[in-house]
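Student: Make a model of this:
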Amino acid sequence: MKVVIIGGVAGGATAAARIRRLDENAEIVMLERTGYVSYANCGLPYYVGGAIREEEALTLQTPQSFFARYRVDVRVGHEAVAIDRAKKCVRVRDLALDREYEEGYDKLLLAPGATPTVPASARTDDPRVFTLRTVEDTLALHDFVAGKKPKTAVVVGGGFIGLETAENLTERGIKVTLIQRGDHVLAPLDRDMACFLHAELLRRGVDLRLNTPFDGLETDGGLRVRTAHGEIAADLAVIALGVTPDTALAASAGLQLGQKGSIVTDAHMRTSDPDIYAAGDAVEVMHFVTGAKALIALAGPANKQGRIAADNICGISSVYGGSQGSSVIKVFSRTAANTGLNEKAARAASIAYDKVILSPANHATYYPGAELMTIKVLFERGTLRLLGAQIVGGAGVDKRIDVLATAIRAGMRADMLKDLDLAYAPPYSSAKDPVNMAGYMIENIAAGRVKQFFFEDIPALRAAADAVLLDTRTPYEYARGHAEGFVNIPLDALRDRMGELPRGKRVYVMCQSGLRSYLACRILAQNGVDCYNFAGGFRYYAAVGGKVE
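Tutor: A predicted model of the protein is given here:
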């Protein structure tokens, strides 16, 4: 059997190694148009910033090492330009020799990945304008920064690459302006959770400009980035507006295409041609939570898809069960992570959802170095099906998001999080882990023991004649900052001062993290008061309102 693989990096390289492990006699040819066949795509910005110092560290395999270990014929600088499905061959251009030839196959795997999305108004050969997708892109930006010593940069786009690039350019002493079309960075997060990242970016000196659509570039003389609100001068610009599936080859071959021109496959990663498979960022997938078609350009799914395609090419019936988009990113000292659906996606899927927001410490607070994190968990009303989670904080965020991602994949109900038997020692967690705490909260909400209100409810509550807004923190905490309209009765004085609350009115309670306000609600509810606990606490309220400490 002869297998030709178009594209290396995650999906293609994984498939090649898997095919060899399953079939020692298969002939495997891998075509890669760049000069690098297997590299750490997600590590590219950190080479620009200096966290990764050696260029060689970006390269996971070379053509020589791949051949030595797997006997795969890797041809870098070779671009597949056409597929003849009838003849079962690929027309290939050797870029170094500028010649074309045909390569036959029994099975073909497409792993072309995606290309940076660059609007027509930003397409230029100007050496001061960059994208960041390949090793070549990274080396060009790294060398420009090292050689030209730029003082200012504009990063266009607040997604994963945009944020990582902004951080790493800032670490090189460059003044960075980050522009984002929408009202928050990092689309997998809801705006409220992204506000913690906004605060971190501003604290680190990034000029963050939200609600600022990008209009194009001016490159005559000095470089200027055009936006809907004016021009920004800079020494360099990085266009990080996301990626587009690289499927021109599949389209010209007549394969079935889906969203944004992505390649349609079945659960076995087989395309509309039974002898052609596809994997990676170019492929339309099923979202695990909703079952809907989706585009999820992440390295984890690409690797899994490459392995599953390889299994099926070798006669093993493997199935890809879909992606839930689990991801994590470092933004200076903050870590942001998500899995499954956010609120926007849940609404788009017409799912009746509820949510809990909590601000626990990453480990026992009496052990030195405890850091707060903010966790948001979405679940379906009635069924309590886990839908998604988002976390922003410091140490321990990655651990908790992985537990929640596993719970979603396992089909656990949200209240079952309380029963998870998670490892505990003071330097690592608390006896009741943050994930357990989310489960306890959801159980209480489902049982009707506590009712909630949210940040978006507060403006209307301030104007409601039948609502009392109550802050149960200490007088010192209250004096340092509080939400407008909230009166202060500390939790420990509440039983003695309950007569100060007007009878017959609903009471909406806030504290710093949500715990004391929950305790206050239990006191009030058992005294016949209709009360509601503020989800997230004042710390969350201050962050969403742009006043985080």
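
Student: show me where the stretch 401-549 of the chain has helices.
Tutor: Per DSSP state H, counting those that start in this stretch, the stretch 401-549 of the chain carries helices over the ranges 434-447, 458-463, 475-480, 494-497, 515-525, 537-544.

Student: Just to check, A166 is in contact with V176?
Tutor: Yes: A166 is in contact with V176 according to C-beta atoms under 8 Å; the separation is 4.9 Å. No exception for glycine: its C-beta is placed from N, CA and C like everyone else's.

Student: Check which helix or strand the residue lying closest to L189 once chain neighbours are set aside maps to.
Tutor: Nearest residue to L189 in three dimensions, chain neighbours excluded: Q390, at 5.4 Å (C-beta to C-beta, 6 or more residues apart in numbering). Assigned by DSSP states H and E, Q390 falls within strand 386-393.

Student: Let me know the average pLDDT across that strand.
Tutor: Taken as a whole, strand 386-393 has an average pLDDT of 98.

Student: now swap in stretch 198-216 and tell me
Tutor: pLDDT averaged over stretch 198-216 gives 97.

Student: And for stretch 219-226?
Tutor: Per-residue pLDDT over stretch 219-226 has a mean of 93.

Student: for this structure, what helix or strand is lowest in average pLDDT?
Tutor: Lowest mean confidence among the helices and strands of the chain (mean pLDDT, DSSP states H and E): strand 38-39, at a mean of 74.

Student: What is the distance between it and the centre of its chain?
Tutor: In this view, strand 38-39 has its centroid 21 Å away from the chain centroid, taken as C-alpha atoms, centre = their mean, to the nearest Å.

Student: cool, and stretch 491-499?
Tutor: In terms of C-alpha atoms, centre = their mean, the centre of stretch 491-499 is found 44 Å from the chain centre.

Student: buried set for it?
Tutor: 491, 494 (16 or more other C-beta atoms under 10 Å).

Student: ends of it, how far apart?
Tutor: 14 Å (C-alpha to C-alpha, to the nearest Å).

Student: and A352, how many neighbours?
Tutor: By other C-beta atoms under 10 Å, the residues close to A352 number 10.

Student: shouldn't it be in contact with F379?
Tutor: No: proximity of A352 to F379 does not meet the contact threshold set by C-beta under 8 Å, at 10.3 Å.

Student: quick one: contacts for the residue nearest to L189?
Tutor: 188-190, 193, 336-338, 342, 375-376 (C-beta atoms under 8 Å, 6 or more residues apart in numbering).

Student: quick one, what contacts the nearest residue to D192 once chain neighbours are set aside?
Tutor: Leaving aside its sequence neighbours, D192 sits nearest to V544 (C-beta to C-beta, 6+ apart; 4.7 Å). Applying C-beta under 8 Å, 6+ apart to V544 gives the contacts 191-192, 195, 455, 536.

Student: All the helices of the stretch 201-350 of the chain, in order from the start?
Tutor: Under the criterion DSSP H, counting those that start in this stretch, the stretch 201-350 of the chain contains helices at 248-252, 299-313, 343-348.

Student: So what sits opposite the residue nearest to L189 in the bridge?
Tutor: Using DSSP bridges, the beta-bridge partners of Q390 come out as N338, K376.

Student: how close does it get to I442?
Tutor: 15 Å (C-beta to C-beta, to the nearest Å).

Student: Pop the domain breakdown of this structure in here.
Tutor: Domain ranges of the chain: 2-114+244-313, 120-241, 333-447, 452-544, per automatic domain parsing.

Student: end-to-end on the second one?
Tutor: Domain 120-241 stretches 13 Å from its first residue to its last (C-alpha to C-alpha).

Student: what separates that domain from the chain centre, distance-wise?
Tutor: For domain 120-241, the separation from the chain centroid amounts to 18 Å (computed by C-alpha atoms, centre = their mean).

Student: For A423, find the nearest of the helices of the stretch 201-350 of the chain.
Tutor: Proximity to A423, assessed across the helices of the stretch 201-350 of the chain by C-beta to C-beta, is greatest for helix 299-313 (23.2 Å).

Student: average model confidence for the closest one?
Tutor: In this model, helix 299-313 has a mean pLDDT of 96.

Student: Please report the distance of the residue minimising distance to the centre of the chain from P63.
Tutor: Centroid check for the chain by C-alpha atoms, centre = their mean gives S327 as the closest residue, at 4.3 Å. Distance of S327 to P63, computed by C-beta to C-beta: 30 Å.

Student: what sits against the closest residue to P434 other than its chain neighbours?
Tutor: Nearest non-adjacent residue to P434, counting by C-beta to C-beta, 6+ apart: P360, 4.0 Å away. By C-beta under 8 Å, 6+ apart, the contact list for P360 reads 372-373, 375, 430, 434, 437, 513.

Student: and these, which are buried?
Tutor: Neighbour counting by 16+ other C-beta under 10 Å classes 372-373, 375, 430, 434, 437, 513 among those as buried.

Student: Which one of these is nearest to N312?
Tutor: Nearest to N312 among the buried ones among the contacts of P360, counting by C-beta to C-beta, is I375 at 38.1 Å.

Student: I figured the closest one was touching P434, is that so?
Tutor: Yes: using C-beta under 8 Å, I375 is in contact with P434, at 5.9 Å.

Student: so what's in contact with these two at the same time?
Tutor: Here I375 and P434 have 358, 360, 400 as joint contacts, going by C-beta under 8 Å, 6+ apart.

Student: Okay, and which of those residues map to helices?
Tutor: Within the shared contacts of I375 and P434, membership in helices is found for R400, as judged by DSSP state H.

Student: Of the shared contacts of I375 and P434, just say which sits nearest to K293.
Tutor: Nearest to K293 among the shared contacts of I375 and P434, with distances taken as C-beta to C-beta, is R400, at 28.9 Å.

Student: any idea how far A346 is from that closest one?
Tutor: Separation of R400 from A346 (C-beta to C-beta): 20 Å.

Student: now do L169
Tutor: Counting by C-beta to C-beta, the gap from L169 to A346 is 34 Å.

Student: Please identify which of the two sits among more neighbours.
Tutor: It is L169, of L169 and A346, that has more neighbours when counted by other C-beta under 10 Å, with 26 against 23.

Student: returning to what we had before: which neighbours does the least confident helix or strand of the chain have in its sheet, and in what orientation?
Tutor: Partners of strand 38-39 in the sheet, by DSSP bridges, are strand 59-61 (antiparallel).

Student: which regions of the stretch 401-549 of the chain sit below the pLDDT cut-off?
Tutor: Scanning the stretch 401-549 of the chain with the threshold set as pLDDT under 70 gives 547-549.

Student: and after the helix or strand in which A80 is found, which helix or strand comes next?
Tutor: If you go by DSSP H and E, A80 is part of strand 78-84. Using DSSP H and E, the helix or strand that follows strand 78-84 in sequence is strand 89-94.

Student: Now that next one: average pLDDT?
Tutor: Across strand 89-94, the average pLDDT comes to 98.

Student: what helices or strands is whatever helix or strand comes next after it leaning on?
Tutor: Tracing the chain C-terminally past strand 89-94 and defining elements by DSSP H and E, one meets strand 99-104 next. Using 3 or more C-beta pairs under 8 Å, 6 or more residues apart in numbering; DSSP states H and E, the elements in contact with strand 99-104 are strand 2-6, strand 89-94.

Student: repeat that for 7 Å
Tutor: strand 89-94 (3 or more C-beta pairs under 7 Å, 6 or more residues apart in numbering; DSSP states H and E).
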